[in-house]
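Trainee: My questions concern the predicted model and sequence given below.
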Amino acid sequence: IAGITQAPTSQILAAGRRMTLRCTQDMRHNAMYWYRQDLGLGLRLIHYSNTAGTTGKGEVPDGYSVSRANTDDFPLTLASAVPSQTSVYFCASSPGGVNTEAFFGQGTRLTVV
Amino acid sequence: ELKVEQNPLFLSMQEGKNYTIYCNYSTTSDRLYWYRQDPGKSLESLFVLLSNGAVKQEGRLMASLDTKARLSTLHITAAVHDLSATYFCAVVSPWSAGYALNFGKGTSLLVTP
């Protein structure tokens, strides 16, 4: 079934550790996004990529980095995790350009202790 | 910076009743989306509204868009328990390296007998 796959689905991580959340899509979408969801704050954009080879910073990019080496993959890296990065992370993709209807992965629940 | 505001944030309603959720946004956009999220699940696209005056209906839900007023509504008719979920509106905005969706904080809907 076509869609977006995130891994892992959940993780408990010690503060200070490095972690990469994986995201792969097979819909040949040009654009991909990372959001974090926190209670009472809705979804906030971390980083995005409108096409392979380009990335941009969203609303809350500090402490996170991304890369977009190809169309299908968009990993999110936490270089040195802190407790405030405890959240549910959603990867999404869209066809691109002004067609921004986003399709979401199942999410990664990350707890930093 | 585009701001997206939903109200109410919490809504408890009886089965069979009607209600409207409002989504206001702060800058010009002619493309708005509604998503549904069940507890512990991902986001599912409900409606795509692409122009001023657009109206979409699916079952007991109807969404509309007024780009001049920067307002979208999600109307619930004769609510049933299965509609209990969190509903998000999202608006396209330009970022430095492309487009992405800005989300409201969500409306948590509980339909009770």
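Mentor: In hand now; what should we look at?
Trainee: Backbone dihedrals for A:R28, please?
Mentor: Recorded main-chain torsions at A:R28 are phi 60, psi 30, according to degrees, to the nearest 10.
Trainee: Skip the chain neighbours and tell me the closest residue to it.
Mentor: Sequence neighbours aside, A:T71 is the residue nearest to A:R28 in space, at 6.4 Å (criterion: CB to CB, 6 or more residues apart in numbering or on different chains). (C-beta placed from N, C-alpha, C; glycine too.)
Trainee: quick one: the strands in the chain?
Mentor: Answering for chain A, as no chain was given. Taking DSSP state E as the criterion, chain A contains strands spanning A:4-7, A:10-13, A:19-25, A:31-38, A:42-51, A:54-57, A:64-66, A:76-78, A:87-94, A:103-104, A:108-112.
Trainee: that's the wrong chain, I meant chain B
Mentor: Under the criterion DSSP E, chain B contains strands at B:4-7, B:10-14, B:19-25, B:32-37, B:43-49, B:55-58, B:61-66, B:71-76, B:85-95, B:98-103, B:107-112.
Trainee: Near the residue nearest to A:R28, how many other residues are there?
Mentor: Look at A:T71: counted by other CB atoms under 10 Å in any protein chain shown, it has 19 neighbours.
Trainee: Over to A:M27?
Mentor: A:M27 is flanked by 14 other residues according to other CB under 10 Å.
Trainee: next one: B:I21
Mentor: The burial count for B:I21: 24, using other CB under 10 Å.
Trainee: before we move on, what about B:P39?
Mentor: Burial of B:P39, expressed as a neighbour count using other CB under 10 Å, amounts to 8.
Trainee: so what's the backbone phi/psi at it?
Mentor: B:P39 adopts backbone torsions of phi -50, psi 130, taken as degrees, to the nearest 10.
Trainee: What separation do you get for the closest residue to B:S12 other than its chain neighbours and chain A?
Mentor: Taking CB to CB, 6+ apart, and ignoring the residues beside it in sequence, B:S12 has B:L110 as its nearest neighbour in space, at 4.7 Å. From B:L110 across to chain A, the span is 16 Å (CB to the nearest CB, to the nearest Å).
Trainee: Reformat the strands of chain B as JSON lines; add mean pLDDT and distance to A:M27.
Mentor: Rendered in JSON lines, the data for the strands of chain B read as follows (pLDDT from 0 to 100; distance: least, CB to CB, whole Å):
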{"stretch": "strand B:4-7", "mean pLDDT": "96", "distance to A:M27": "25"}
{"stretch": "strand B:10-14", "mean pLDDT": "95", "distance to A:M27": "33"}
{"stretch": "strand B:19-25", "mean pLDDT": "97", "distance to A:M27": "27"}
{"stretch": "strand B:32-37", "mean pLDDT": "97", "distance to A:M27": "17"}
{"stretch": "strand B:43-49", "mean pLDDT": "96", "distance to A:M27": "13"}
{"stretch": "strand B:55-58", "mean pLDDT": "96", "distance to A:M27": "22"}
{"stretch": "strand B:61-66", "mean pLDDT": "96", "distance to A:M27": "24"}
{"stretch": "strand B:71-76", "mean pLDDT": "97", "distance to A:M27": "26"}
{"stretch": "strand B:85-95", "mean pLDDT": "92", "distance to A:M27": "19"}
{"stretch": "strand B:98-103", "mean pLDDT": "90", "distance to A:M27": "16"}
{"stretch": "strand B:107-112", "mean pLDDT": "96", "distance to A:M27": "28"}
